[in-house]
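1. Make a model of this:
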Amino acid sequence: MPSSTKKINKRTTSRRRKQIASSSLNNDNNNNTRQTILSSPSPMLVQNTTASAFKVELGFFNTLYEPRTITVLAIFLFLINLIYLPYFSSFLPSIININIYNKISKQTLPEQLVHGCFLAITAFMVYGCTQFRDSVMIRPHPIVWRFVHAGGIIYFCSLLILIPIEIPIARKVISFIHPTLGTIPNMQTYGEDCRLQSVSPLLHALYDEFMLAHLFGWIVKALIVRDWYILFLLGLGFEVLEITFQHQLKNFNECWWDHLILDLFGANMVGIVIGMQLVKFLKSREYDWVGNTISKLKTSKKKLIRVMFQLTPYTYETFDWKMFSSPRHFCIILIMIIPFLTSEVCFFYIKHHLWISTTSPIYLTCLAIRSALSAHAIREWYEYNFTNNNNDDDNSNNNNNNNQDDLEKPLSSSNRRLGQNSWLCLAVTSAEFILTLKWNYIEFGLMFPPLYICVSWLLTFFCIICWFMMRYLFDPVEVDTNIVNQYIWILGLALLPMIYLLISDTYRTGFFHPPLDIPNGVSF
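-> As a prediction, the model looks like this:
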């Protein structure tokens, strides 16, 4: 063999040895780094690990974050056998016998199908809690938000099932779910007697259970949205929407003092103030989870307090929406506000068409799922539009992706992805809107609100469009403040038609007894 060939082989061999040595050294460093992260507390205790089924919050009970997928599946299948199969009906003692085979075998086909649907829903919820991915919220445990997301998918699919079904058949179908469904409920009306000769009507309304729920709802909205101006727009918008659609929904017909004193400047304002004060407190609070890990706490009392603090946020920051700072921010917030108000109105319409009372367990369950899903969705919406971080990929994965081949890079230049809960919220709102449009057309025909209401909304939209064009197209000045003085008077003009609707409804219900009839809608 020539000497030149021998030299080349020696160089190649030595080069390979150096590569193997450096790769083994990198592996040792990675292993040491991983052991250091797991053994010693770090400022960021939330980590993605391949050994866990959840986003792990180090310092809490680590066993709660271990994957138990096979165990959960085995327990679920065992319970199905124990509850539904016939050979367990006489095998178990009567005290602990949970088998319902004898009961189901005597039921009709629709009732048996309902049991099958509940079993399928339970299976899907179990699958969602064990297999869905986690998002930005991890407290009190990621499985809670997986459960909410799975419930949102069930609600979304239920809406899709109802879209091709006519109203009478839909009422008959849901009557098999719960005995309170399928019958006309006693709809409470609020605008029949609006005389305010004493404070007794106000006190009677204040002690109403729905008033407390209304107050609590606005506290939660303040904790979710965390912005005074957006909360005010949501409150004013819904009150005007109640006036807009009260010609079709009787429970939207309220007295003037109900709109103004109890709602807009009552429960809404008090709930917003309390909620924003909680936001201020949670923002200023010191979050020291590193020094309060379970392993460092010695007494049972301190450990119990730490478990209770698991119900509080891991971190809490205010949302800096900067609504008027740029056209992009303004459109982002409009895209959030419009589906928010649309979903609330459509939910009342669906409840009206299906004859569901406000005390029904089905209504309360759907309301809880929608509220929890909205809380997570708004957080994801803010992360998607106002941060550059991808919440589902940790920094190590991002560093490794930088070294990949060009063929393995994503097709899009942006790594951002809309959160799963935000996507689901938009899908649910769209399904509710489609279902409401169809059933409204069947029951009311092609009917619009009264003419003066339509004109008021058109004037408001016209003023907003004019302000948008003057502010961002003809005089584009970038500012960082929330309030913009340029052409702010045009936005003031946009509020005047909404204030006019409140004043006109106050005149209708406050100066006449009984109140004047609600104007009819415009039919085509």
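
2. Can you list the low-confidence ranges for the stretch 51-200 of the chain?
-> 51-59, 61, 87-99, 198 (pLDDT under 70).

3. go with 80
-> Residue ranges of the stretch 51-200 of the chain with pLDDT under 80: 51-67, 82-105, 107, 138-139, 179-180, 182, 186-193, 196-200.

4. residue ranges of the helices in it, please?
-> Using DSSP state H, counting those that start in this stretch, the helices of the stretch 51-200 of the chain run over 69-84, 101-104, 109-131, 142-162, 167-174, 200-206.

5. list the helices and strands the fourth one packs on?
-> If I follow you right, that is helix 142-162. If contacts are counted by 3 or more CB pairs under 8 Å, 6 or more residues apart in numbering; DSSP states H and E, helix 142-162 sits against helix 109-131, helix 361-386, helix 420-444. No exception for glycine: its C-beta is placed from N, CA and C like everyone else's.

6. Please produce TSV containing the ones you listed, extended by mean neighbour count.
-> Formatted as TSV, those follow (neighbours: other CB atoms under 10 Å):
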stretch	mean neighbour count
helix 109-131	14
helix 361-386	19
helix 420-444	18
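
7. okay, the ones you listed in JSON lines with distance to residue 74 next?
-> Converted to JSON lines, those look like this (distance: least, CB to CB, whole Å):
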{"stretch": "helix 109-131", "distance to residue 74": "11"}
{"stretch": "helix 361-386", "distance to residue 74": "28"}
{"stretch": "helix 420-444", "distance to residue 74": "28"}
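
8. Tell me which of the ones you listed lies nearest to residue 265.
-> For residue 265, the closest of the helices and strands packed on helix 142-162 is helix 361-386, at 23.3 Å, according to CB to CB.

9. Could you say which of the helices of the stretch 51-200 of the chain is packed most deeply?
-> With neighbours taken as mean count of other CB atoms under 10 Å, the helices of the stretch 51-200 of the chain reach their highest mean count in helix 142-162, at a mean of 19.

10. now it against helix 420-444, angle please.
-> 30 degrees (axes from the mean of the first three to the mean of the last three CA atoms, to 10 degrees).

11. how far does helix 142-162 sit from the chain's center?
-> 11 Å (CA atoms, centre = their mean, to the nearest Å).

12. ok so, going back, the helices and strands packed on helix 142-162: which one's closest to residue 516?
-> helix 420-444 (21.0 Å).

13. any idea how far that closest one is from the chain center?
-> 15 Å.

14. repeat for stretch 271-278
-> 19 Å.

15. Show me what it is in contact with.
-> The contact list for stretch 271-278 (CB atoms under 8 Å, 6 or more residues apart in numbering) reads 214-223, 226, 228, 231-232, 235.

16. Just those: which are in helices?
-> Judged by DSSP state H, the contacts of stretch 271-278 include 214-223, 228, 231-232, 235 as members of helices.

17. Residue 188: what's it in contact with?
-> Per CB under 8 Å, 6+ apart, neighbours of residue 188: residue 251.

18. any idea of the pLDDT on residue 288?
-> For residue 288, the pLDDT comes out at 55.

19. Drop anything exposed from the contacts of stretch 271-278.
-> 214-215, 217-223, 226, 231, 235 (16 or more other CB atoms under 10 Å).

20. Which residue in those residues has the weakest pLDDT?
-> residue 214 (86).

21. I figured that residue hits residue 267, correct?
-> Yes. Taking CB atoms under 8 Å as the definition, residue 214 is a contact partner of residue 267 at 4.6 Å.

22. can you count the residues close to residue 457?
-> Neighbours of residue 457 under the rule other CB atoms under 10 Å: 16.
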